[in-house]
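Engineer: below are the sequence and a predicted model for it; my questions follow.
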Amino acid sequence: MAAARRARRTGSLSHYRFVLYPAKMPDLDSPMQVPDDDATRLMTAGMPERAVLRPGTVLGNTYVIQGLLGRCSMGEVYRAKHIGLGTEYAVKIMLPSLASDPKIVQLYSEEARKLCRVNNAAIVDYEGFFRDEHGLRYLVTEFVQGESLEQMLRRRRLEPDEVLRLRDRLASGLAAVHEMGIAHRNVSPEKILLPDASVDSAKLIDFGIAEAMAPAGATLVGGSSSAKYSFASPEQLGLYGGNIDLRSDIYSLGLVLAAAAIGFSKKLDMGNSPTTMLAARQKVPDLSEVPASLRGVIAPMLEPRPENRPPSMRALLGYDGDGGRKPAAGAERAPDGSRRMAMLAIGAVAAIAILAGAAFFALREMKPPPSTAGLRAALAAATVGYHCASLEFAAGADHSVRISGYAASPDDIARFRQAVGSIGGIAKLDFAVQLRVWPYCELTAMLRSLIARPQRAAASLALLPTSDAAHLGEPLVVDVRTPSFDGYVYIDYFDRQGQVLHLFPNTRDRLTFRPARNHLVLGRPPFARCWVLGGIAGEQLLTLVAAPEPLFLDPRAEVEDAHAYLPALSQAVAALPSGSGAATLHFFQLQAGSSYAPPATGCQ
């Protein structure tokens, strides 16, 4: 069967990723190279184009397969429904080549046996590890719908109060696990799911390398930890005796919280080679990028020696970083006589402070408004300090103000609006700042100079049949008009999760040079490639960049992470001769609810 690009679900999440399947069906029993960890991820080779199980298949007379969610290093993950209860589950099917390995089978059996006993809202529920009448082995867990923390952090950071709430949520769950003698050993942002995009509902998944902390307990994965090195503890790399216990999870959670506080896919520099990784874990990492209010919370968790860290996850709960704890609800006691007198004194001081404050604001209202120049200076100062944002203002002589542009997160927009609202002297405010998440915000800034070319040179992009909206499951058809000069054309599709699909050129349509004002329609013959839309509903972005010379000397992979592509694109755009090149952006809304079935066409 010819290779085709489809949007498929990955993991027990509600998002999609672009997946390129091979043209030839592989042997399911042949070995394949897989990542060390068990996270469900993009696979572009070695996986079958068709799922092993079809919708309607019944496993163990109990679970009805509804559809493929994705693929991971252990096998395929399906969404299933319990026949009797009607509840939904995630079912992980082991590849035949792995199911024949006694160590892997023991790993799954131990994972299920231990975690079925855990009952905590922050830990994904495990139903069990089973074998059906045909010898197929599968693990059944709670189905969790929502993106991962790693995906959320691609486009924003968590505010300090969110970081603390996430800490308490996960620490509570890990405490329940630790108290049963189990360490997760692989705490990282991609192992944390966020139903309803809320840290208050966070759930830890993939205890695939969890082990009992008994004297004879040993990992089943070749004697070495498969935790991601970016979030691994010193002892996981063999430091300080290499004894891995629950305090290893405390260290990894500290690194996760730091990454969440920094956001935008950044994290603490913990090294990228064996030498630098070991060096980085022999001192408390530099926390200068973490908000000051959180440094006292995170630093104790990142002490290199396990004995210097908090002794347990329970010890983390409610810790405010200043040596104290937030009082639990209902913990306040009624004041005794001496405390009552002190409180009366405090009340009197507070009353005086309120009167003084009222007088201050009354006098403030009597002060003359700032000059127009002063107002503009205050507005200019308020626009500074926002990542991946473009904030513009206009202030008239009558002190009317219009604010426009975009910011990368709702929190940034709210913070900026509050800053503008605190500026005195604004007679009328028109606040029109839009949300433009990463990578859209970075692309808008990068291509601004090329988009501002004269209208005669402008290129155009539009969706067919309607330009402003499309539906999941529909074909992606793009109407293109190149700019008014002969040049090399590059057309990309960016999704909200930070992946880019290179629509043109691609592996089947490689001729990038196009004459001036050339009209082409991607997704229809004579072009060889076609696509079906998938992903999270919401705003999507198509881009076109045209240049008098090729932007890239070598072909790029058709699907890649925007973090890898944007620096290369930025460098290529910056190298263009002054005044050359052109670009256009086309935002559209991806909506759910289409029952479209793609027809047979000449594209692949």
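Structural biologist: Yep, that arrived.
Engineer: for stretch 92-108, buried residues please.
Structural biologist: 92-96, 98-99, 104-105, 107-108 (16 or more other CB atoms under 10 Å). For the C-beta atoms, the positions are set from N, CA and C on the backbone; glycine is no exception.
Engineer: out of those, which sit inside helices?
Structural biologist: Members of the buried residues of stretch 92-108 lying in helices (criterion: DSSP state H): 96, 98-99, 104-105, 107-108.
Engineer: ok, back up a step: out of the buried residues of stretch 92-108, which comes closest to K283?
Structural biologist: For those, the residue nearest K283 by CB to CB is L107; the value is 34.2 Å.
Engineer: before we move on, back to that, can you redo the ones in helices among the buried residues of stretch 92-108 as TSV with pLDDT and distance to A414?
Structural biologist: Shown next, in TSV, are those (pLDDT from 0 to 100; distance: CB to CB, whole Å):
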residue	pLDDT	distance to A414
P96	79	52
L98	75	48
A99	80	51
I104	72	48
V105	81	51
L107	71	46
Y108	71	45
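Engineer: leaving out the residues flanking it, which one is nearest to the residue nearest in space to the middle of the chain?
Structural biologist: Closest to where the C-alpha atoms of the chain average out (CA atoms, centre = their mean) is Q151, at 0.9 Å. Nearest residue to Q151 in three dimensions, chain neighbours excluded: Q497, at 5.4 Å (CB to CB, 6 or more residues apart in numbering).
Engineer: and for L95?
Structural biologist: In this structure, L95 finds its nearest non-sequential neighbour in G75, 4.5 Å apart by CB to CB, 6+ apart.
Engineer: isn't the one you found right up against M94?
Structural biologist: Yes. Counting by CB atoms under 8 Å, G75 touches M94, with 4.8 Å between them.
Engineer: what's G271 in contact with, if anything?
Structural biologist: By CB atoms under 8 Å, 6 or more residues apart in numbering, the residues touching G271 are 229, 277-281.
Engineer: got a pLDDT number for it?
Structural biologist: On the pLDDT scale, G271 is placed at 87.
Engineer: which strand or helix spans it?
Structural biologist: Following DSSP states H and E, there is no helix or strand that holds G271.
Engineer: remind me which residues of the protein are low pLDDT?
Structural biologist: Confidence mapping of the chain against pLDDT under 70 gives the ranges 1-51, 72-74, 111, 208-228, 319-369, 453-457, 593-604.
Engineer: list the buried residues for stretch 251-264?
Structural biologist: 251-264.
Engineer: among these, which two are most distant?
Structural biologist: Among the buried residues of stretch 251-264, Y251 and F264 lie farthest apart (CB to CB), at 22.9 Å.
Engineer: re earlier: what about the residue nearest to Q151, which SS state?
Structural biologist: The local conformation at Q497, judged by DSSP: H, G, I helix; E, B strand; the rest coil, is coil.
Engineer: so it sits against G538, correct?
Structural biologist: No. Applying CB under 8 Å, one finds Q497 not in contact with G538, separated by 10.5 Å.
Engineer: between these two, which one's more packed in?
Structural biologist: Set Q497 next to G538 and count neighbours by other CB atoms under 10 Å: Q497 wins out with 23 against 11.
Engineer: could I get the full set of strands for the stretch 251-400 of the chain?
Structural biologist: For the stretch 251-400 of the chain, applying DSSP state E, counting those that start in this stretch gives strands covering 390-395, 400-407.
Engineer: still on that earlier bit, quick check, nearest of the ones in helices among the buried residues of stretch 92-108 to S201?
Structural biologist: Comparing those against S201 with CB to CB places Y108 closest, at 26.5 Å.
Engineer: hang on, isn't the closest one packed against V140?
Structural biologist: No. Using CB under 8 Å, Y108 is not in contact with V140, being 11.0 Å away.
Engineer: now do the shared contacts for the two.
Structural biologist: Residues touching both Y108 and V140 comprise F129, with contact defined as CB under 8 Å, 6+ apart.
Engineer: how near is T444 to A382?
Structural biologist: Distance from T444 to A382, counting by CB to CB, to the nearest Å: 21 Å.
Engineer: kindly report the same for Q66.
Structural biologist: From Q66 to A382 the distance is 50 Å (CB to CB).
Engineer: between those two, which is the more surrounded one?
Structural biologist: Each of Q66 and A382 has its neighbours counted (other CB under 10 Å); A382 has more, 21 against 17.
Engineer: which parts of the helix or strand hosting V573 are buried?
Structural biologist: Element membership for V573 (DSSP H and E) is helix 562-574. Judged by neighbour count using 16+ other CB under 10 Å, the buried positions of helix 562-574 are 562-563, 565-566, 569, 572-573.
Engineer: stretch 135-144 now?
Structural biologist: 136-144.
Engineer: turn those residues into CSV, columns for secondary structure.
Structural biologist: Compiled in CSV, these are given as follows (three-state DSSP):
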residue, secondary structure
L136, coil
R137, strand
Y138, strand
L139, strand
V140, strand
T141, strand
E142, strand
F143, coil
V144, coil
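Engineer: out of these, the closest to C530 would be?
Structural biologist: Nearest to C530 among these, counting by CB to CB, is F143 at 31.2 Å.
Engineer: just the closest of the buried residues of helix 562-574 to I244, please.
Structural biologist: Top of the list for closeness to I244, among the buried residues of helix 562-574 and by CB to CB, is H563 at 30.3 Å.
Engineer: the closest one touches Q497, doesn't it?
Structural biologist: No. In this structure, H563 is not within contact of Q497 by CB under 8 Å, at 11.4 Å.
Engineer: and the strands in the stretch 451-600 of the chain?
Structural biologist: 460-463, 469-471, 478-481, 487-494, 499-504, 513-514, 519-522, 538-547, 559-561, 582-591.
Engineer: could you pull out the buried residues of the last one?
Structural biologist: In this case it means strand 582-591. Within strand 582-591, the residues that count as buried by 16+ other CB under 10 Å are 582-586, 588, 590.
Engineer: what's the answer for the second one, then?
Structural biologist: Going by neighbour count (16+ other CB under 10 Å), the buried part of strand 469-471 is A470.
Engineer: could we number from 33 for the rest of this?
Structural biologist: Right, with 33 as the first residue, what we last looked at is strand 501-503.
Engineer: direction included, what does that strand pair against?
Structural biologist: strand 614-623 (parallel) (DSSP bridges).
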